[in-house]
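Asker: Using only what follows, build the 3D model:
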Amino acid sequence: MGKTGTGKTSFINAITEKGLKVGHGLFSCTQDIQTANTTINGREVWLIDTPGFEDTNQSNVDILATIANWVEQANNERKHLSGIIYFHRIIDPRMESSSVKNLRMFRELCGERNFSNVILCTTMWDKVEEEEGRRREQELESEETFWGSLVSRGAQVVRHRGPDLVASARKIVETLIQKDTIVLQVQEELDQNSSLSDTSAGKLLTSAIEDIKKKHEEEMAAIMAEMQAAKDDKEEIRLLKEYYEKEIKGLRKATEELEKLRAEDKKRFERELEKIRRERDDRYECIVC
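Answerer: Alright, predicted model coming up:
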């Protein structure tokens, strides 16, 4: 898991040689879940490549639904996780807003008690001075709002670096497959018949969208006040109208995101009803036989 462009897919390709599609620009290639397998110490190991939140061409609601649906399906097929590798580019001079949001969503999806099965993996060490990279790494580990809270609860920090990237990737994965399997917090919450919006991750996402809506509404109110004050200044009014239109678009997008989350809840509820109907029909057939 991790933000788009942190090297998730390249890591999997290095260890599995499966050739998953890799993005080289601002746009993510992992719009859906990708999987690839390999053999490590005689064991078949599957690596799951997930899309990052705050993506360029996919909404956060879609990404959350994609991950939640995959986790549920894997659980139904008795496929259990040994752990999670969370990727971060050491070349980033600071934790950007999108990185912080990704990390928060990761925490809520994973759950605090699973942090000992988490590896916080820094990448792209060949593109940064060693001392600067070490300083950034220490900052990530020490700040509670960054990695501090995860490290204090058992998460490990490792560097994925050359010269042998394949050996580096294998060593990281070997660390995780020796651990007991885990059940993600989002899976437990869904098993308790929570709707997606009622899970910890869903609540965090809903709160973030509501905050965005509120900011757009406040901006629109402020622009309206400026337009009234501008009166006969046509050029000023024209510019303010442009700003107002942008805020309307932002508000509309946030509203659509909330509606999409409610629609996902409805689909999940309908799937549960259908499952109950099938189980009831199966019991009836057994009685008839």
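
Asker: now what about stretch 152-170, what contacts it?
Answerer: 7, 11, 14-15, 40, 87, 90, 112, 115-123, 125-126, 137, 140-141, 147, 151, 172, 175 (Cβ atoms under 8 Å, 6 or more residues apart in numbering). Glycine gets a C-beta too; all of them are placed from N, C-alpha and C.

Asker: In strands, which of these fall?
Answerer: If you go by DSSP state E, the contacts of stretch 152-170 have 40, 87, 118-123 in strands.

Asker: of the contacts of stretch 152-170, buried ones?
Answerer: Among these, those buried by neighbour count (16 or more other Cβ atoms under 10 Å) are 7, 11, 14-15, 87, 90, 115, 117-123, 125, 137, 140-141, 147, 151, 172, 175.

Asker: where does this structure have its least confident helix or strand?
Answerer: helix 234-288 (a mean of 82; mean pLDDT, DSSP states H and E).

Asker: just checking, Leu118 touches Gly111?
Answerer: Small correction: residue 118 is Val, not Leu. No: between Val118 and Gly111 there is no contact under Cβ atoms under 8 Å: 10.2 Å.

Asker: any idea how far Pro93 is from Thr122?
Answerer: According to Cβ to Cβ, to the nearest Å, Pro93 and Thr122 sit 13 Å apart.

Asker: Then Ile90?
Answerer: 4 Å.

Asker: For these two, list the residues in contact with both.
Answerer: With Cβ under 8 Å, 6+ apart as the test, Ile90 and Thr122 both reach 133, 137, 159.

Asker: which SS class is the residue lying farthest from the centre of the chain?
Answerer: The centre of the chain is farthest from one residue, Asp232, which by Cα atoms, centre = their mean lies 48.4 Å away. Assigned with DSSP: H, G, I helix; E, B strand; the rest coil, Asp232 falls in the coil class.

Asker: per-domain residue ranges of the protein.
Answerer: Following the assignment in automatic domain parsing, the chain carries domains at 8-189, 194-288.

Asker: Now those domains in JSON lines, please, with extra columns for distance to Gly2.
Answerer: Shown next, in JSON lines, are the domains of the chain (distance: least, Cβ to Cβ, whole Å):
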{"stretch": "domain 8-189", "distance to Gly2": "3"}
{"stretch": "domain 194-288", "distance to Gly2": "15"}
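
Asker: so which of those gets nearest Met1?
Answerer: domain 8-189 (5.2 Å; Cβ to Cβ).

Asker: What distance separates the opening and closing residues of that closest one?
Answerer: Distance between the two ends of domain 8-189: 26 Å, counting by Cα to Cα, to the nearest Å.

Asker: For Ala221, grab the count of nearby residues.
Answerer: 11 (other Cβ atoms under 10 Å).

Asker: ok but it is inside a helix, no?
Answerer: Yes: the assignment for Ala221 is a helix, going by three-state DSSP.

Asker: my guess is Cys121 meets Ile84, correct?
Answerer: No: Cys121 is beyond contact range of Ile84, at 10.0 Å (criterion: Cβ under 8 Å).

Asker: Identify, from the ones in strands among the contacts of stretch 152-170, the entry nearest to Arg277.
Answerer: Val118 (38.6 Å).

Asker: what about the closest residue to that closest one other than its chain neighbours, how many residues close to it?
Answerer: Leaving aside its sequence neighbours, Val118 sits nearest to Ala155 (Cβ to Cβ, 6 or more residues apart in numbering; 4.2 Å). Using other Cβ under 10 Å, Ala155 is surrounded by 22 other residues.

Asker: Lovely, talk soon.
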